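# I'll drop the sequence and a predicted model, then ask my questions.
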Amino acid sequence: MSRINIGNNAFILPEPQSIVGTHYEGRANFMALAWLTRVNYQPCLFAVTVNKNHATGLGIVESGEFSINIPHEGMHKETDLMGLLSGKRVDKSQFFDLHYGELKKAPLIKDCPIAMECKLVKTVELDTNMIFIGELVGTWTEDKYMTDGYIDIEKVKPMTLSMPDNHYWGLGRKIGKAWHDGKELKDQLKK
């Protein structure tokens, strides 16, 4: 079986699905966002990528703060709606119960099992998008999503997004332990 080149518009699967929040024109605003990643250990930094023209990007520039809310798989309709509506025309905050942590312009969604507040530390401008890098200030959750002091992914039930087919997915089963399971293969290394 030979490998095939599918071109330069391939997306890496899966992408973590979130709802990013900030303030835009004095009110809470949200957008569905899957282009995010952690980019530094200490300080803990996250990067989100937003189109330059979106209200969320403009709000992050204006406020210097944003939130990353991780919805559970039962919130796929609300999450999708945040990508269908423009914050320039609609007050999207009406769809959620909100709270705030230390930052006053990084709205957190109560129904999301994980909600993180970030203070903007760097912006990278690209042709069509802006990469916003934020320092994690606080992470909000509930005991029901924890096991032995850690976030339990089976309890959180986060979603992923596949592109370009544009589908939401729940996560599958645990298959191993990171920084552990590969140790048994060390003996196979040629010296």
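Happy to help now that I have it.

# now Ile133: closest residue in space, sequence neighbours ignored.
Closest residue to Ile133 in three dimensions, ignoring its sequence neighbours and counting by CB to CB, 6 or more residues apart in numbering: Lys122, at 4.2 Å. The C-beta positions use only the backbone N, C-alpha and C, and glycine is treated the same way.

# that's a strand at that neighbour, yeah?
Yes. Lys122 forms part of a strand when assessed by DSSP: H, G, I helix; E, B strand; the rest coil.

# so Leu120 makes contact with Gly134?
Yes. With contact defined as CB atoms under 8 Å, Leu120 reaches Gly134; the gap is 5.2 Å.

# joint contacts of those two?
Jointly contacting Leu120 and Gly134 under the rule CB atoms under 8 Å, 6 or more residues apart in numbering are Glu65, Phe66.

# more neighbours, those two?
Gly134 (28 against 17; other CB atoms under 10 Å).

# now name the helix or strand holding that one.
strand 129-140 (DSSP states H and E).

# and the strands in the chain?
Listed from the start of the chain, the chain has strands (DSSP state E) covering 15-16, 18-24, 27-33, 36-40, 45-51, 65-70, 98-99, 108-109, 114-125, 129-140, 146-147, 150-151, 159-162, 167-170.

# reformat those strands as CSV; add distance to Asn9 and mean pLDDT.
Converted to CSV, the strands of the chain look like this (distance: least, CB to CB, whole Å; pLDDT from 0 to 100):
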stretch, distance to Asn9, mean pLDDT
strand 15-16, 15, 92
strand 18-24, 23, 97
strand 27-33, 19, 97
strand 36-40, 20, 96
strand 45-51, 16, 97
strand 65-70, 26, 98
strand 98-99, 36, 97
strand 108-109, 31, 98
strand 114-125, 22, 98
strand 129-140, 15, 98
strand 146-147, 39, 97
strand 150-151, 33, 96
strand 159-162, 14, 93
strand 167-170, 17, 93
